[in-house]
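**Q** Sequence plus predicted model, see below.
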Amino acid sequence: MEFESTAQEKARFFASAWDRIKALPVKLKAKVISIAKRIKKLGKDDPRRLIHSLKVGLALTLVSLIFYVRPLYDGFGVSGMWAVLTVVVVFEFTVGGTLSKCLNRGFATFLAGALGIGADYFASLFEKKGEPIVLGILVFLLAAAATFSRFFPRIKARYDYGVLIFILTFSLVAVSGYRVDELVVLAHQRLSTIIMGGATCMLISIFICPVWAGEDLHKAVASNLEKLATYLEGFGGIYFQSCIDDGSAVVSKDGKSFLEGYRSILNSKNSEESLANFARWEPGHGRFRLRHPWKHYLKIGALARQCAYQFEAINGYIDSDIQASQEFKSKIEGSCKRMSAECVKALKALATAIKTMTDPSTANPHMENSKAAMKDLKFALKAASLENADFLAIVPAATVASILVEIVKSVEKISEAVHELSQLAHFNKTVEPTVSPEKSQQLLHRGIIQPVSYADDNDNVVIRIDEISTDSPENEKPHHQVPKSGQRMEV
């Protein structure tokens, strides 16, 4: 019996193992298909990623010619590997990121190499016994000072990579100079290959399908304003829907999906600061001049996040278990919806102004209308609160109304910031066709019609021509007789 049970267990084990082996190709195929779909989706979401990968491959292929072409290899030798390492390290997705790292690496390598050679020469004055001690002291002091400088926010944001390269290069040159005789030749070869690698990255990044960090920041800020407008556009309808349908309306999650778009704004600070930092390194391109006010985009982004945080607070009242008085909500519904609608129009106008780089004055009437609706809301809140004795029933809706008032103030600040940006960045002014005051006066005062009473009781009308416009349409018709100035005609 024991022998039979053992045989059955072995048979089941081999059967299950064989089933796993047979299922392995199917699972492997499914895994490959899943990975291929993810790769395809990643490429479709942003085709620039695929182009960037090809650009990096092209840059590495070009700098590898240092090893493949004999004359170049004889000139640089093994130091040509620094060009390959430079391409791998400094080639970034955006032009600004690539320029930032290339320039930081180039200047840091040059400065650190020069100081390293100087430190080696200075240490050699103390003979063999004192030379390592002096070199150790110099490396300690400069490395400590450079590391401490990285804690300064400005240096951390823009030159952190350069400081790291400075510490690395100075330490390598100063320490290796104690054993290497031809230190100047070695430093020259490394600097030359690093410059070659950095120049290759910059040229390819700028001239082959460039990805500008400034343009991405410009589009991101405008998109954030549109997300704020999208939220406000649907909030009033969903919040006051229960008031219209007497609490019988049920809003699906799909219907509320647009309310979640603003959440991406809450976490946009790091990406906006990174793009603004890279944009400062970029040359003038397209609609953006050399010293474009990229820093001002961060101000608009901060105000947009402040408004989004208020959305986060007001969003909690949509699904709140504590329901406000329907009568009170109906009294403030009109003012709240007008405020939301005007803020939506203002935000969309501001987003369009940023996208097209035109004057944002089209948002001004909507801001004035939202302020007027805000005043009406304050009066409605006072009147309704005095009439309603149950203050607990009106607290949720009153809180929503007060948050909407703060949202209007936030949108007003965003409008002011966009107007400042338009002045600093010299946005195009929109010119509307108008009638000049001189022509309007000519059109309105072409003559005087005055009734006159005569003795024979005939009804007469005297038309006195005071002034004739030289550019009037009548002058273009020579067959009409044009009265002279001051001439009196009777009809």
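**A** Structure received. Nothing here was measured: the structure is a model prediction, and the numbers come from that model. Residues are numbered from 1 along each chain as shown.
**Q** Low-confidence regions, the stretch 301-450 of the chain specifically.
**A** Per-residue confidence for the stretch 301-450 of the chain (pLDDT under 70) gives these ranges: 319-325, 384-391, 393, 430-450.
**Q** got the residue ranges for the helices in it?
**A** Assigned helices in the stretch 301-450 of the chain, in chain order: 326-356, 364-387, 391-424, 437-444 (criterion: DSSP state H, counting those that start in this stretch).
**Q** winner for burial among these?
**A** Across the helices of the stretch 301-450 of the chain, the average number of neighbours (mean count of other CB atoms under 10 Å) peaks for helix 326-356, which reaches a mean of 21. Bear in mind the C-beta positions are built from the backbone N, C-alpha and C, glycine included.
**Q** what helices or strands is it leaning on?
**A** With contacts defined as 3 or more CB pairs under 8 Å, 6 or more residues apart in numbering; DSSP states H and E, helix 326-356 has these neighbours: helix 213-239, helix 241-244, helix 364-387, helix 391-424.
**Q** nearest to residue 152, of these?
**A** With CB to CB as the measure, helix 213-239 is the member of these nearest residue 152 (22.6 Å).
**Q** quick one: the closest one to helix 326-356, angle?
**A** 160 degrees (axes from the mean of the first three to the mean of the last three CA atoms, to 10 degrees).
**Q** quick one on the thing from earlier: okay, the helices and strands packed on helix 326-356 in a markdown table with distance to residue 146 next?
**A** As requested, those are exported to a markdown table (distance: least, CB to CB, whole Å):
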| stretch | distance to residue 146 |
| --- | --- |
| helix 213-239 | 26 |
| helix 241-244 | 61 |
| helix 364-387 | 50 |
| helix 391-424 | 35 |
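**Q** So which of those is nearest residue 40?
**A** Here helix 213-239 is closest among the helices and strands packed on helix 326-356 (CB to CB), at 22.9 Å.
**Q** Now the closest one: buried residues?
**A** Burial within helix 213-239, assessed by neighbour count using 16 or more other CB atoms under 10 Å, is assigned to 213-218, 220-236, 238-239.
**Q** Same question for stretch 119-127.
**A** Those buried within stretch 119-127 under the rule 16+ other CB under 10 Å are 119-120, 123.
**Q** Strands - which of those land there?
**A** Secondary structure from DSSP state E places none of the buried residues of stretch 119-127 in strands.
**Q** Okay, and which of those residues map to helices?
**A** Using DSSP state H, the subset of the buried residues of stretch 119-127 located in helices is 119-120, 123.
**Q** so, if you compare the residues you listed, which one comes nearest to residue 378?
**A** Checking these one by one against residue 378 (CB to CB), the nearest turns out to be residue 119, at 70.8 Å.
**Q** show me the contacts for that closest one.
**A** Residue 119 sits next to 135, 138-139, 170, 174, 177 when contact means CB atoms under 8 Å, 6 or more residues apart in numbering.
**Q** With pLDDT and secondary structure as added columns, please give those residues in CSV.
**A** Shown next, in CSV, are those (pLDDT from 0 to 100; DSSP: H, G, I helix; E, B strand; the rest coil):
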residue, pLDDT, secondary structure
135, 90, helix
138, 93, helix
139, 92, helix
170, 92, helix
174, 86, helix
177, 76, coil
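**Q** Out of those, which comes closest to residue 352?
**A** residue 170 (51.3 Å).
**Q** Excluding chain neighbours, what is closest to the closest one?
**A** Nearest residue to residue 170, sequence neighbours excluded (CB to CB, 6 or more residues apart in numbering): residue 112, at 3.9 Å.
**Q** In a helix, the one you found, correct?
**A** Yes: according to DSSP: H, G, I helix; E, B strand; the rest coil, residue 112 belongs to a helix.
**Q** quick one: it from residue 169, how far?
**A** Noted for residue 112: a distance of 4 Å to residue 169, by CB to CB, to the nearest Å.
**Q** Ok, residue 311 next?
**A** For residue 311, the distance to residue 169 - CB to CB - is 49 Å.
**Q** cool, residue 50 as well?
**A** 34 Å.
**Q** One more: residue 207?
**A** The value you get for residue 207 to residue 169, if CB to CB is used, is 29 Å.
**Q** Between the two, tell me which one has more neighbours.
**A** Neighbour count, other CB atoms under 10 Å: between residue 207 and residue 169, residue 169 has more, with 24 against 9.
**Q** hang on, the earlier thing: from the buried residues of stretch 119-127, which is closest to residue 328?
**A** The closest of the buried residues of stretch 119-127, once distances to residue 328 are taken by CB to CB, is residue 119, at 77.6 Å.
**Q** Next one: that closest one, what pLDDT does it get?
**A** Note on residue 119: pLDDT of 90.
**Q** Any chance of TSV for the ones in helices among the buried residues of stretch 119-127, columns distance to residue 25?
**A** Formatted as TSV, those follow (distance: CB to CB, whole Å):
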residue	distance to residue 25
119	63
120	63
123	66
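**Q** Which residues belonging to stretch 128-143 are considered buried?
**A** Buried residues in stretch 128-143 (16+ other CB under 10 Å): 131, 134-135, 138-139, 142-143.
**Q** ah, wrong one, I meant stretch 270-290
**A** Of the residues in stretch 270-290, those buried (16+ other CB under 10 Å) are 272-282, 288.
**Q** from the chain's centre, how far out does that stretch sit?
**A** Taking CA atoms, centre = their mean, to the nearest Å, one finds the center of stretch 270-290 at 10 Å from the center of the full chain.
**Q** what do you get for stretch 162-182?
**A** Using CA atoms, centre = their mean, the offset of stretch 162-182 from its chain centre is 40 Å.
**Q** and if you look at stretch 291-306?
**A** With CA atoms, centre = their mean, you get 8 Å for stretch 291-306.
**Q** again, but for stretch 346-353
**A** Worked out by CA atoms, centre = their mean, stretch 346-353 lies 14 Å from the chain centre.
**Q** which other residues reach it?
**A** So stretch 346-353 is contacted by 222-223, 225-226, 228-229, 232, 358-360, 362-363, 366-367, 370, 411, 414-415, 418, 422, 427 (CB under 8 Å, 6+ apart).
**Q** Need the CA coordinates for that stretch. CSV is fine.
**A** Below are the C-alpha coordinates for stretch 346-353, written out as CSV (Å, rounded to 0.1, in the frame of the first residue of the first chain):
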residue,chain,number,x,y,z
ALA,A,346,-11.6,83.8,-17.1
LEU,A,347,-9.3,80.8,-16.6
LYS,A,348,-9.9,79.6,-20.2
ALA,A,349,-9.2,83.1,-21.5
LEU,A,350,-6.0,83.2,-19.5
ALA,A,351,-4.9,79.7,-20.6
THR,A,352,-5.6,80.7,-24.3
ALA,A,353,-3.6,83.9,-23.8
